[in-house]
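Enquirer: structure of the sequence below:
(2 chains, ligands or ions: 2)
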Amino acid sequence: MTSSFVRDRPVTEAPSRREPRPAWRSAPGAALVLLGALSPWASAVIPGGAYPGLATLQFFDAPYLVTGFRLHLLLLGLAALLPRASRAAGAGAAVIALVHIAFLAALGVLSFGGPVTLAGGALLIWLGRREPAPEWKLPSRALAWPILVAAFAALLWAVSAMLTAGGQSRATNPHGGAEFLSFLGFAVGLFGILSAYGVLSWLSALAERHRAFSLTVLLACAMLLPLTEAGTGYWMTVASTIGIYAATAIGLNIVVGLAGLLDLGYVAFLGIGAFTAANLAHVVSFPVAALAGAVVAGLLGVVVGAPTLRVRGDYLAIVTLAFGEIFFRAAQNDIGGLTGGANSIPGIPPITLFGQGFDQPVGGLPAGFLYYALTVLLVAGTMAVLANLKHSRTGRAWLAIREDEDVARAMGVRTGRAKILAFLVGATLAGLAGAVFAHKLGTVGYESFDFSESVTLLAAVILGGMGTVPGALVGASLLFVLPEKLREFSDYRLMLFGLALILIMRFRPKGLVSS
Amino acid sequence: MTLVAERLFMSFGGLLALDGVSLTVPDGGVVGLIGTNGAGKSTVLKAVSGLLRPHRGEIRLRGRPIHHLPAHAVLAAGVAHCPEGRRLFAGMTVEENLRLGGHLRRDRHVAKDMARVYDLFPVLGERRTQRAGLFSGGEQQMLAIGRALMARPALLMFDEPTMGLSPIMIRRILDTIALLRNQGTTILMVEQNALAALMLADHGYVIDLGRTTMSGPGTDLLADPRVRAAYLG
Ligand SMILES: Nc1ncnc2c1ncn2[C@@H]1O[C@H](COP(=O)(O)OP(=O)(O)O)[C@@H](O)[C@H]1O
Ligand SMILES: [Mg+2]
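Expert: Residues are numbered from 1 along each chain as shown, chains lettered A, B, ... in the order given. Ligands and ions are numbered 1, 2, ... in the order given. A predicted model of the protein is given here:
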């Protein structure tokens, strides 16, 4: 019976005091967005090939050839006519417009469609209705499974599209950065609309109810990424790099998100795992090297954790920061001859299992697929660890420490032991990720483990949502895909992260994925 | 005797917070500890529960010394501490707070005890999946009491359970404490609200500047002119 799962709708019976805004109020904004989408976006022909979707004056040769960001704007403009969707659609359109105005301005080209669309987006945000999302009944099992499969397939498409948006690099597409950011704007609009209609929370409730099935389909979808547009050696490599950082961020989420211990030197454990595996690479097989990396990192996690038990809050952050710096300087100066110093450790062989080198293609799948599959398993494994710990007795003790350490002690929580355990688990996971990192790159140098990496990992955790299971994955994907996409902005990377964090803290203080 | 504390000394930096306090709590009795702000009442409870370690003195629970034990071992020995200002885990649900109260328990009766807490305070049962931070002061105090009960303590210590509550809620909380006493729970209760504490207590102690200045049956202390002048206004 599904009827027992019908939820109470939010008080719709009670007459609301304010009249709901009539639907036509979104019409002018939507019209402007549509007008903008169909206008020329650049006042001159752009060097380096046509701007995406013929945004330049060439547009007049083929006015009906609406592709790329203009197609997105058209869709958002139409969606904006739906009463609940207008704010999200407006936000998406505004982001797209801003991105293109900025890029075109940097090229010294004025844009007509841009300001029109921006005005339309702003109007939509301003006049749009803001009301709680409706809640929907969950369907029966017979319907639930196909719906979930369709949803995860759509997610797979979205991930693939996001990953490949804007092409590989500046070499093949000079407008890649703009295209990617613009696609991000479209994604923001799309997810905003879905969430305004309660679709996202409905889907997550559905997935929660059919948990085992959802996890299986999700894992299968992740493994199917090579069959999408992203199925080239290049994207597989990018995706597995992201996966390694995501697994590391998930480990950090245990330390920071669950136990509330602010660790500013966390990337050192990734480095310890990587250097351990690199030194053992010619001696033992990968599983042994990975295990060694995890164990050594875990032990050092305990060594760092133990003296920090007496310090709290800001002091803990400073101590961990110092540890990260000590590790970085030690690696830089090749103390103990284990890190290669400025020369790095080159020539780490690729992982080989059952005679199959992981850098070689298998079957019809692109090269790098095996590394990608390995990191998918790594991420899934770390997420399983996080999810299980979160709902365990240990996890409850961590959350208690995070909220009020003194009272946690009064409740019988052995706070010292719990904190060391958090450091141990977090460092072990990072060490494991580090071993994969070393083999995949083939070379490990100290530069990969500097302070800004720790900050980025921490930003990924906060951005995604502290303590949530998918949060760190979402955050890490965004933060590690962006530099890949926006190489032309690498100088501004930390500044852009800072800006993104400020915006997140302002508009979604609990992170993108909040529980 | 459930609890015997003898000549406790404790100082913070140079400041002497406990200057030789002694007290006893008989089995099944309610003992009230009154005194002005800063007299050292909370420090006594923290010393008993192992959150602070007294510099000198001895604390025995049913004859067994506990003053050298860490907090979790004292709790395991049977002392639950319901702290001043309630100190709930505000971001956690009612149920999670209760589970933390029974954190040390490994037996199979945790669920049964949780049901008992919900019987005692039906409001909590109705709102078991809501965050504790959303509750009113009185409801929070109920949850704090329920959380302490989840440890199945031999001795239950309350630190100012009526602080900041409305008169109706004060009644409700005191009634609950009386009910727990009638069920045979041994209670040590700290209050600034001397009238409430002494009406409920079989035996009372007055402490001032870290010293026990008076003690006697609750009704006797209530009648004492010095107590009336100093603490009942
Ligand atoms: N953690 C602490 N650090 C320093 N001084 C403290 C601390 N806790 C309590 N004190 C001091 O000890 C004395 C007794 O405090 P307390 O036991 O909290 O009093 P009461 O609970 O009776 O109001 C007070 O003078 C207080 O300032
Ligand atoms: Mg006090």
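
Enquirer: going forward, measure contacts between C-alpha atoms and count neighbours the same way
Expert: Noted.

Enquirer: hang on, B:Met189 in a strand?
Expert: Yes: with DSSP: H, G, I helix; E, B strand; the rest coil as the criterion, B:Met189 is part of a strand.

Enquirer: do I have it right that it meets B:Gly35?
Expert: No: taking contact to mean C-alpha atoms under 8 Å, the distance of 11.7 Å between B:Met189 and B:Gly35 leaves them out of contact.

Enquirer: quick one, domains of the chain?
Expert: In the absence of a named chain, chain A is used. A:23-205, A:231-477 (automatic domain parsing).

Enquirer: could you do chain B instead?
Expert: Under the assignment automatic domain parsing, the domains of chain B span B:1-78+B:153-170+B:184-233, B:91-152.

Enquirer: measure the last one end to end?
Expert: End-to-end distance of domain B:91-152: 24 Å, with C-alpha to C-alpha, to the nearest Å as the criterion.

Enquirer: so what's the residue of the stretch 251-400 of chain A found nearest chain B closest to, chain neighbours aside?
Expert: When C-alpha to the nearest C-alpha is the measure, the stretch 251-400 of chain A has its nearest residue to chain B at A:Ala400, with 6.6 Å between them. In space, A:Ala400 comes closest to A:Ala408 once its chain neighbours are excluded; the distance is 5.5 Å by C-alpha to C-alpha, 6 or more residues apart in numbering or on different chains.

Enquirer: just give the number of residues close to B:Val190.
Expert: 26 (other C-alpha atoms under 10 Å in any protein chain shown).

Enquirer: helices or strands up against the helix or strand the residue nearest to A:Ala400 falls within?
Expert: Counting by DSSP states H and E, the element that carries A:Ala408 is helix A:405-410. In terms of contacts (3 or more C-alpha pairs under 8 Å, 6 or more residues apart in numbering or on different chains; DSSP states H and E), helix A:405-410 is packed against helix A:393-403, helix A:415-441, helix B:71-77.

Enquirer: circling back to that earlier point, a markdown table please, covering the domains of chain A and showing mean neighbour count.
Expert: Compiled in a markdown table, the domains of chain A are given as follows (neighbours: other C-alpha atoms under 10 Å in any protein chain shown):
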| stretch | mean neighbour count |
| --- | --- |
| domain A:23-205 | 20 |
| domain A:231-477 | 22 |
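
Enquirer: ranking those by mean pLDDT, which is last?
Expert: When the domains of chain A are compared on average pLDDT, domain A:23-205 comes out lowest at a mean of 81.

Enquirer: next one: the residue most central in space within chain B from chain A, what distance?
Expert: When chain B is reduced to its mean C-alpha position, the closest residue under C-alpha atoms, centre = their mean turns out to be B:Phe158, at 1.7 Å. With distances taken as C-alpha to the nearest C-alpha, to the nearest Å, B:Phe158 is found 13 Å from chain A.

Enquirer: measure that residue to B:Gly78 for me?
Expert: The gap separating B:Phe158 from B:Gly78 is 14 Å, by C-alpha to C-alpha.

Enquirer: what does A:Leu353 give?
Expert: Here A:Leu353 is placed at a distance of 55 Å from B:Gly78 (C-alpha to C-alpha).

Enquirer: repeat that for A:Leu252.
Expert: Taken as C-alpha to C-alpha, the spacing of A:Leu252 relative to B:Gly78 amounts to 36 Å.

Enquirer: same check, this time on A:Leu76
Expert: Spatial separation of A:Leu76 from B:Gly78 under the definition C-alpha to C-alpha is 63 Å.

Enquirer: how about residue 82, phi and psi?
Expert: You didn't say which chain, so I picked chain A. Note on A:Leu82: its backbone torsions stand at phi -70, psi 130 [degrees, to the nearest 10].

Enquirer: that's the wrong chain, I wanted chain B
Expert: Here is the backbone geometry of B:Cys82 (degrees, to the nearest 10): phi -100, psi 100.

Enquirer: check A:Arg129 too.
Expert: With angles defined as degrees, to the nearest 10, A:Arg129 shows backbone torsions of phi -80, psi 140.

Enquirer: count of neighbours near B:Leu209?
Expert: B:Leu209 is surrounded by 18 other residues when neighbours are defined as other C-alpha under 10 Å.

Enquirer: for it, which non-adjacent residue is spatially closest?
Expert: With C-alpha to C-alpha, 6+ apart as the measure, B:Ala39 is the residue that lies nearest to B:Leu209, at 4.8 Å, once sequence neighbours are left out.

Enquirer: per-residue confidence at that neighbour?
Expert: The model reports B:Ala39 with a pLDDT of 92.

Enquirer: distance check, it against B:Lys46.
Expert: Separation of B:Ala39 from B:Lys46 (C-alpha to C-alpha) stands at 14 Å.

Enquirer: of all the domains of chain A, which lies closest to ligand 1?
Expert: Of all the domains of chain A, it is domain A:231-477 that lies closest to ligand 1, at 11.3 Å by C-alpha to the nearest ligand atom.

Enquirer: how long is that closest one from one end to the other?
Expert: 17 Å.

Enquirer: now do that domain: distance to the chain's middle.
Expert: Put simply, domain A:231-477 sits 16 Å off its chain's centre (C-alpha atoms, centre = their mean, to the nearest Å).

Enquirer: quick check: residues of chain B near chain A?
Expert: Of all the residues in chain B, those in contact range of chain A (C-alpha under 8 Å from any C-alpha of the partner chain) are B:49, B:51, B:71-73, B:75-76, B:80-81, B:83, B:87, B:89-91, B:96, B:100-104.

Enquirer: narrow these to those in helices?
Expert: Counting by DSSP state H, the members of the residues of chain B next to chain A that fall within helices are B:49, B:71-73, B:75-76, B:96, B:100-101.

Enquirer: cool, thanks, talk later.
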